[in-house]
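Colleague: model the following, please.
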Amino acid sequence: MPRLITLILLCVSLLPPCVSAQTPMTLQQCRDLAIANSKQSRIHDAELQAAEYTRRQARAAYLPAIDFSGAYVYNQKNLSVISEDAYLPVKSFDLASQGYQFDVVKNPYTGQPVIVDGKPIPSQVALLPKEALTFDIHNVFAGALTLTQPIFMGGKIVALNKLADAGKEAAAMRDRADDNIVYDVDAAYWLVVSLKAKERLAVSYVELLDTLRYNVTRLLDEGMATKADLLSVDVKLNQGQVDLTKVTNGLSLARMALAQKCGLPIDSPMVLADENGEVAVSMADEVVPPLDMSAVYERRNDLRALRAAVKASDAESSVALSSMLPNIALVGAYSFSTPNMFDGFKNKVGGMFSIGVMATVPLWHWGGNYYKYKAAKTRSRIASLEVEDAKELIDLQVHQAHYKMQEAIKTYHTAVENMSKADENLRCATLAYREGVSTTDLVMEAQTAWLKAASEEIDSRIDVRLCHVYLDKVLGILSTPAE
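Modeller: Numbering: from 1, shown residues only. Below is the predicted model:
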């Protein structure tokens, strides 16, 4: 949301086009637009949001889980306990034995029970009809409301929460490419400024040649110059005009590239705040920050992300270890069904509560869980080694940027000195030509040397700016818009 607000405010500040053409855009505005329109930044925001959801999910594992399950079953047939009507023998109280005895049919002659198929025949039976033990189970509904509270899960829940915290930290600290975006925008911005300065330089050079051509033409009319001198100036003038056209076209393309990086239409009329003046190099630009590598390690988001990855690997090791430890949970449930048999068979809803403790103890998995744990510990050591390797690479990167910054400052001072000498050389050559003690070739050589010195000075000023930005980037102190 902050990025969206920033984007809206910046877009409003750029509208309408006629106002944008008159209101110069600062470097910070270009940075803000580029970051607001960056898809990589949006991806990072989505990753950060996903990491937060994962963290909340891990926190929820501490709390009891409540689940509901239900089922409906249609059965083709009813359930019958017996296949046909049954006859059950009954007992009568016998006074002689003072107990209940089966009442059987006796032979009137012998007084002995009548035996059929090896069994006595009861004289009285109770009828158990099949219909009484046939139950309607065509439509069966069942459900259960279950509550599960983890008590001890082998440290898995704690480890998963640490893993989620490390994941969120890694997502927050990961290089979101904002620094790269800022550096790319700065390079595109200063390229436009540089080409604009070189366009002015090319115009000045063409004007010098045009003035020289005018002077040579007058001298040719007076017989003090040759046709060859005029042709040499014409060649230089034509080349200068071609170079001016190239610079102008390059400037247009550079503006398009900057607009594209800012997320604007490439034909947007962009006027930059620094393009109409000299690229100033202040004393602050020439100050090379001291190297404190411990502070650099703390500021670098990519290194902090790797450290978070080490924490995540340690948490994964704990998760793997939990698979070898007992899991204990408290379980409570309310189950119901229709039909039910809690109080006889009834075709209505009936249910009951139940509560208990569930324990799972791993016994033997042929070393599978142990090797899983060892693999996780190995990945943790790999992550630690990656942190150490990243420190070495950052150290090399910082020192390279430091030396490059010092070199850029020295080159700038040399370019300024050369420009001063080129100005004086051009002034002396022009004056000598006017006095008739110099040739046209020497004047054009002085002009060419002046053009080269001026171009190198412009490049050196831009290089100081870019080297300073890059040094800030590798030091982790690059200024980015606050969210």
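Colleague: under the pLDDT cut-off, which ranges of the stretch 1-150 of the chain? List them.
Modeller: 1-22 (pLDDT under 70).
Colleague: now do the helices in it.
Modeller: 2-14, 17-22, 27-36, 39-60 (DSSP state H, counting those that start in this stretch).
Colleague: what does the stretch 351-483 of the chain give?
Modeller: Going by DSSP H, counting those that start in this stretch, the stretch 351-483 of the chain shows helices at 368-434, 440-475.
Colleague: against residue 342, how distant is the residue nearest to residue 138 when sequence neighbours are not counted?
Modeller: Closest residue to residue 138 apart from its sequence neighbours, by CB to CB, 6 or more residues apart in numbering: residue 75 at 5.6 Å. Glycine gets a C-beta too; all of them are placed from N, C-alpha and C. From residue 75 across to residue 342, the span is 20 Å (CB to CB, to the nearest Å).
Colleague: quick one, longest strand in the chain?
Modeller: If you go by DSSP state E, the chain has its longest strand at strand 139-152.
Colleague: what sits up against the next helix or strand after that strand?
Modeller: Moving toward the C-terminus from strand 139-152, the first helix or strand encountered (DSSP states H and E) is helix 156-173. The list of residues contacting helix 156-173 from outside it, by CB atoms under 8 Å, 6 or more residues apart in numbering, reads 44, 47-48, 50-52, 54-55, 57-59, 61-62, 150, 301-302, 304-305, 308-309, 311-312, 314-316, 318-319, 321-323, 327.
Colleague: try 6 Å
Modeller: Under the contact criterion CB atoms under 6 Å, 6 or more residues apart in numbering, helix 156-173 has outside partners 47-48, 51, 54-55, 58, 61, 301, 304-305, 308-309, 311-312, 315, 318-319, 322.
Colleague: tell me which other helices or strands the longest strand of the chain touches.
Modeller: strand 65-74, strand 327-338 (3 or more CB pairs under 6 Å, 6 or more residues apart in numbering; DSSP states H and E).
Colleague: among those, which comes closest to residue 439?
Modeller: Closest approach to residue 439 among these (CB to CB): strand 65-74, 95.7 Å.
Colleague: neighbouring strands - and their directions - for that closest one?
Modeller: strand 139-152 (antiparallel) (DSSP bridges).
Colleague: could you pull out the buried residues of the strand it pairs with?
Modeller: 142, 143, 144, 145, 150 (16 or more other CB atoms under 10 Å).
Colleague: repeat that for stretch 388-398.
Modeller: So stretch 388-398, judged by 16+ other CB under 10 Å, has buried residues 390, 391, 394, 397, 398.
Colleague: so how far is the longest strand of the chain off the chain centroid?
Modeller: 38 Å (CA atoms, centre = their mean, to the nearest Å).
Colleague: got the CA positions of that strand in CSV?
Modeller: Extracted in CSV, the C-alpha atoms of strand 139-152 (Å, rounded to 0.1, in the frame of the first residue of the first chain):
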residue,chain,number,x,y,z
ASN,A,139,-29.8,-43.8,5.0
VAL,A,140,-27.0,-43.4,7.5
PHE,A,141,-25.7,-40.0,8.7
ALA,A,142,-22.6,-39.7,10.9
GLY,A,143,-20.5,-36.9,12.2
ALA,A,144,-17.9,-35.9,14.8
LEU,A,145,-16.6,-32.7,16.3
THR,A,146,-13.0,-33.2,17.3
LEU,A,147,-10.7,-31.1,19.4
THR,A,148,-6.9,-31.8,19.4
GLN,A,149,-4.5,-30.0,21.7
PRO,A,150,-0.8,-30.8,21.2
ILE,A,151,1.0,-31.5,24.5
PHE,A,152,4.4,-32.6,23.3
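Colleague: who's in contact with the closest residue to residue 171 other than its chain neighbours?
Modeller: Nearest residue to residue 171, sequence neighbours excluded (CB to CB, 6+ apart): residue 51, at 4.1 Å. Residues counted as contacts of residue 51 (CB under 6 Å, 6+ apart) are 167, 168, 171.
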